[in-house]
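Engineer: need a structure here:
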Amino acid sequence: MTDEGHRGRDAESTRATVIDAASRLFAERGFAATSMRDISAASGISHPLIHHHFGSKDDLYVAVKRHMVEGYARRFPVAARATNRPLSVRAEMRRLMTYLSENEVMFRLCAWARLEGDIKVWPGEPDLFDTLRSRIKAAQRRHLIRTDLDPAALSLMILGLIYFWVENRGHFAERFQGTIDDESFLRQAIALVELGVKPCAKNSEPTADA
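Structural biologist: Here you go, the predicted model:
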């Protein structure tokens with residue numbers, strides 16, 4: 001491997017280490033209470049080197065948000081690229097359940113962002129929603145999903161159902177004494193959405209592939 005290759009790999013490793021440490025600290029303390037020196041101590045990467053790779057703390061926070069959002073595409077690369085494939089409600093909701101269940105840190109980051117009054121759109125977020133919206137539109141063109149439903153609003157509803165459950169399932173597990181778990185909630189949520197988006201019988205076609 002060339003020296004440039006080594007430097008590139010070292011730079012990627014350094015950035016990944018900093019992103020991981022910054023994600024944990026921002027999720028634990030929020031943006032305001034986390035300093036660059038805290039991140040340096042947690043990551044083992046020098047303060048000047050963090051500045052070299054990311055710039056300011058604001059820039060690093062943006063990089064952390066982007067990493068979180070783009071994690072969905074890394075986890076499900078085929079689905080993330082399939083912008084013209086008609087949406088399968090069942091497959092998409094299962095992917096969302098899987099991804100969100102694996103990313104507790106993201107929920108904490110979201111919570112802190114709201115508490116600190118940060119309502120900015122996260123980098124990469126429009127791409128994620130645009131992909132989902134495009135797949136809904138593709139399904140509508142094939143009369144697999146009702147055409148009177150707004151694709152953007154339906155995207156939010158699908159994500160919202162899963163997000164709310166994953167964020168609060170610990171509370172509801174206690175509230176309902178284990179009678180509702182991930183799988184039972186997901187089955188019923190899928191059934192509800194599939195029924196709600198189904199076109200009139202005269203326009204219906206076979207369900208889209210995953």
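Engineer: so the residue most central in space within the chain is in which element?
Structural biologist: Centroid-nearest residue in the chain, with Cα atoms, centre = their mean: Val69, separated by 4.7 Å. In this structure, Val69 sits in helix 57-75 according to DSSP states H and E.
Engineer: Name the residues that touch that helix?
Structural biologist: 15, 18-19, 22-23, 26, 31, 34-36, 39, 50, 54, 80-81, 95, 98-99, 102-103, 105-106, 109, 122-125, 127-128 (Cβ atoms under 8 Å, 6 or more residues apart in numbering). The way it works is simple: take the backbone N, C-alpha and C, and place the C-beta from them, glycine included.
Engineer: Where strands are concerned, which of those residues count?
Structural biologist: In strands, judged by DSSP state E, none of the contacts of helix 57-75 are found.
Engineer: Can you flag the buried ones in those?
Structural biologist: 15, 18-19, 22-23, 26, 31, 34, 36, 39, 50, 54, 80, 95, 98-99, 103, 105-106, 109, 122-124, 128 (16 or more other Cβ atoms under 10 Å).
Engineer: ranges for the helices of this protein?
Structural biologist: Ranges of helices in the chain, per DSSP state H, are 3-29, 36-43, 47-54, 57-75, 77-81, 89-101, 104-115, 125-141, 151-175, 182-197.
Engineer: still on that earlier bit, so for the helix holding Val69, what's the average pLDDT?
Structural biologist: Per-residue pLDDT over helix 57-75 has a mean of 94.
Engineer: what's the angle from it to helix 89-101?
Structural biologist: Interaxial angle of helix 57-75 relative to helix 89-101 (axes from the mean of the first three to the mean of the last three Cα atoms, to 10 degrees): 140 degrees.
Engineer: Can you give me the buried ones in helix 57-75?
Structural biologist: Across helix 57-75, burial judged by 16+ other Cβ under 10 Å covers 57, 60-65, 67-73.
Engineer: can you check stretch 115-135 too?
Structural biologist: Buried, per 16+ other Cβ under 10 Å, within stretch 115-135: 118, 122-124, 128-129, 131-135.
Engineer: Now Arg95: closest residue in space that isn't a chain neighbour?
Structural biologist: Phe76 (5.3 Å; Cβ to Cβ, 6 or more residues apart in numbering).
Engineer: do the same with His51
Structural biologist: Met36 (7.3 Å).
Engineer: Can you tell me how far the one you found is from Ser43?
Structural biologist: Distance of Met36 to Ser43, computed by Cβ to Cβ, to the nearest Å: 10 Å.
Engineer: hey, what's in contact with both of these two?
Structural biologist: Ile50.
Engineer: quick one on the thing from earlier: alpha carbons only: can I get the helix holding Val69 in PDB?
Structural biologist: Extracted C-alpha coordinates of helix 57-75, given in PDB (Å, rounded to 0.1, in the frame of the first residue of the first chain):
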ATOM      1  CA  LYS A  57     -17.600  21.700  17.500                       C
ATOM      2  CA  ASP A  58     -20.600  22.800  15.400                       C
ATOM      3  CA  ASP A  59     -19.100  21.100  12.300                       C
ATOM      4  CA  LEU A  60     -18.400  17.900  14.300                       C
ATOM      5  CA  TYR A  61     -22.000  17.900  15.500                       C
ATOM      6  CA  VAL A  62     -23.200  18.100  11.900                       C
ATOM      7  CA  ALA A  63     -20.900  15.200  11.000                       C
ATOM      8  CA  VAL A  64     -22.300  13.100  13.900                       C
ATOM      9  CA  LYS A  65     -25.900  13.800  12.700                       C
ATOM     10  CA  ARG A  66     -25.000  12.900   9.100                       C
ATOM     11  CA  HIS A  67     -23.300   9.700  10.200                       C
ATOM     12  CA  MET A  68     -26.500   8.700  12.100                       C
ATOM     13  CA  VAL A  69     -28.800   9.400   9.300                       C
ATOM     14  CA  GLU A  70     -26.600   7.700   6.700                       C
ATOM     15  CA  GLY A  71     -26.400   4.600   8.900                       C
ATOM     16  CA  TYR A  72     -29.700   3.500   7.300                       C
ATOM     17  CA  ALA A  73     -28.200   3.400   3.900                       C
ATOM     18  CA  ARG A  74     -25.100   1.500   5.200                       C
ATOM     19  CA  ARG A  75     -27.400  -1.000   6.900                       C
END
